[in-house]
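S.K.: need coordinates for the following:
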Amino acid sequence: MGFEQTYSKRLRLERGLANEFSSCKQFLPDDLTKDKDELRDRVVNNSIKYALTNGLLRTLADLCDDSRLNGSSVNVNISAENWWLLVSLLNKVDKKLDEGDLIQHCIRCYIQEMKVKRCLP
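M.R.: Numbers count the residues shown, from 1 in each chain. Model prediction:
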C-alpha cells in the first residue's frame with residue numbers, strides 16, 4: 001500500500017462473502033500478484049472507489065449532496081401508503097446501517113465484477 005495513511009477496522013462479513021474475500025485471488029489470473037494481503041487491501045479500497053462511482057453508494061452520495069437545498073419547491077401528492085413506506089425505510093436505515101454494512105456491500109459488488117470479468121474492475 002505504501003506510506004499513505006490507513007484506517008484499520010475489523011468487520012464482520014457474511015460467511016460466504018468472507019470466504020470469497022479471503023481467497024479473492026482465485027477469481028484472477030495467476031500473474032496479477034503473489035501477495036494475498038496486498039491483493040485484499042487493493043480489493044477493499046478499489047471496491048469502495050468503485051461503489052462511489054457506480055450503484056448504491058453513488059445513489060446515496062447523490063441523494064446526500066446539497067444541490068436540493070438550492071433548488072425549486074414543487075408540490076407533489078404522495079399516497080399515505082407510499083409515504084409510510086418511505087418513512088419506515090428511512091427509520092430502518094437510521095437504526096441499522098453502519099459503515100460495516102456499506103463496506104460489505106462494496107466488497108460484494110466488486111467481487112461479483114471480479115468473478116464476471118476475471119480481472120480487477
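
S.K.: helices along this structure, start to end?
M.R.: 15-22, 36-53, 55-64, 80-96, 99-117 (DSSP state H).

S.K.: so which of those is nearest S8?
M.R.: Relative to S8, the nearest member of the helices of the chain by CB to CB is helix 36-53, separated by 10.8 Å. Where you see a C-beta, it was placed from the backbone N, CA and C, and this is true even at glycine.

S.K.: chain center to that closest one: distance?
M.R.: 10 Å (CA atoms, centre = their mean, to the nearest Å).

S.K.: counting by contacts, list what that helix packs against.
M.R.: helix 15-22, helix 55-64, helix 99-117 (3 or more CB pairs under 8 Å, 6 or more residues apart in numbering; DSSP states H and E).

S.K.: against L13, how distant is N19?
M.R.: Per CB to CB, to the nearest Å, N19 is found 9 Å from L13.

S.K.: and those two? which has more neighbours close in?
M.R.: Higher neighbour count among N19 and L13: L13, with 16 against 11, using other CB atoms under 10 Å.

S.K.: now do the contacts for the more buried one.
M.R.: L13 is in contact with 21, 104, 107, counting by CB atoms under 8 Å, 6 or more residues apart in numbering.

S.K.: which one (most neighbours) among those residues?
M.R.: Sorting the contacts of L13 by how many neighbours each has (other CB under 10 Å) puts I107 first, at 25 neighbours.

S.K.: how many neighbours does the residue nearest to that one when sequence neighbours are not counted have?
M.R.: Leaving aside its chain neighbours, I107 sits nearest to S47 (5.0 Å; criterion: CB to CB, 6 or more residues apart in numbering). By other CB under 10 Å, the residues close to S47 number 26.

S.K.: show me where pLDDT drops low in this structure?
M.R.: Along the chain, the parts satisfying pLDDT under 70 run over 1-3, 30-34, 68.

S.K.: let's see it at 80
M.R.: 1-4, 6-7, 28-35, 55-56, 60-74, 93-98, 120-121 (pLDDT under 80).

S.K.: who are the contact partners of the residue nearest the centre of it?
M.R.: Nearest to the mean C-alpha position of the chain, counting by CA atoms, centre = their mean, stands C106 at 2.5 Å. By CB under 8 Å, 6+ apart, the contact set of C106 is 44, 47-48, 50-51, 57.
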